[in-house]
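# Turn this into a model:
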Amino acid sequence: MPSTPTVARPDDVPPDGSDPRCIPHKLTAPLPVGDACVYPAYTPEEQDVWRTLYARLAQLLPGRAADEFLTGLAALDLDHDKIPALAEVSRRLARATGWRIARTPGLLDAHDFFGYLAQRIFPCTDYIRSRRELEYTPAPDCFHDIFGHTPMIMHPRFADFYQKIGQAALACRDPALEEGLTRIYWFTVEFGLVQNPSGLRIFGNGIISSSGETLHSLTPKVEKRRFVPELTARQPYDIWHFQDVLWVVDSFDQLESDFVRWAKSHGLL
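Predicted coordinates:
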């Protein structure tokens, strides 16, 4: 999948993928999964970056994040003060929805990434951005992956949809169709909105793991469109700037059923 900057690109960050974290890894061996994920020797500075990011988003997300995300976050009971162990997060996901976590060295080759999703395994980084990247990171880090992704994987219908994205991607052989699938992924998993009973809310982790994107996404500056896979698949996106068009699902039942319909119509499921 494409890398996910958390806010608009600063002037001193090249948009050409020259950051090594933006270069996808092609796997030559299986990733460690679940209890095989060893906890790194994080520095006090790295732990403080997690604390800072967590505290910032914990203040912003109530009233903005989807009920389903907040419920998943509460159920995961992630440590606020230090970076959680991937093995422990994996155990909690497995109990809730049958998903597990694999430790990835960075951005994965798309085929490898989707192959793990198809098995209900989420490839997750265990490094964290530097303090100067609090507002922006050019590639996923463990805050984006753990805090941003895993709460939604605690939701049964979203967890099933996420697996089906992986299955559909593995079956895709048409480059144009693959581009459409990538756009659906981007505007749901990364930058999706949902209509909760209390109002419009965020569930996309590219938004949720960024304070800037969180504040921007629900404003009138962003055009909101109802999620229709056929239309969403044709919507281009820019990874280097705030999104100016976002797509809204009525519910996660609708998200899964509409995606399955679209995927089956193209012979992907």
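# Would you agree L53 falls within a helix?
Yes - according to DSSP: H, G, I helix; E, B strand; the rest coil, L53 belongs to a helix.
# Walking through the stretch 51-200 of the chain, point out its strands one by one.
Ranges of strands in the stretch 51-200 of the chain, per DSSP state E, counting those that start in this stretch, are 100-103, 121-124, 192-196, 199-202.
# tell me what the last one is packed against?
Looking back up the chat, that one is strand 199-202. helix 67-76, strand 192-196 (3 or more Cβ pairs under 8 Å, 6 or more residues apart in numbering; DSSP states H and E). In this view, the C-beta of every residue, glycine as well, is placed from N, C-alpha and C.
# quick one: which of those is nearest I208?
helix 67-76 (6.5 Å; Cβ to Cβ).
# and that closest one with strand 192-196, angle?
100 degrees (axes from the mean of the first three to the mean of the last three Cα atoms, to 10 degrees).
# helices or strands up against helix 67-76?
helix 86-97, helix 150-153, strand 199-202.
# Next up, the contacts around I208.
By Cβ atoms under 8 Å, 6 or more residues apart in numbering, the residues touching I208 are 57, 61, 65, 69, 147-148, 202, 214.
# so which pair among those is furthest apart in space?
F147 and I202 (13.0 Å).
# Point out where the stretch 51-200 of the chain drops to low pLDDT.
By pLDDT under 70, the low-scoring segments of the stretch 51-200 of the chain are 136, 138.
# Now with 80, please.
Low-confidence segments of the stretch 51-200 of the chain (pLDDT under 80): 135-139.
# what does the model give the residue of the chain positioned farthest from its centre for pLDDT?
The outermost residue of the chain relative to its centre, with distances by Cα atoms, centre = their mean, is P44 at 26.0 Å. On pLDDT, P44 comes in at 97.
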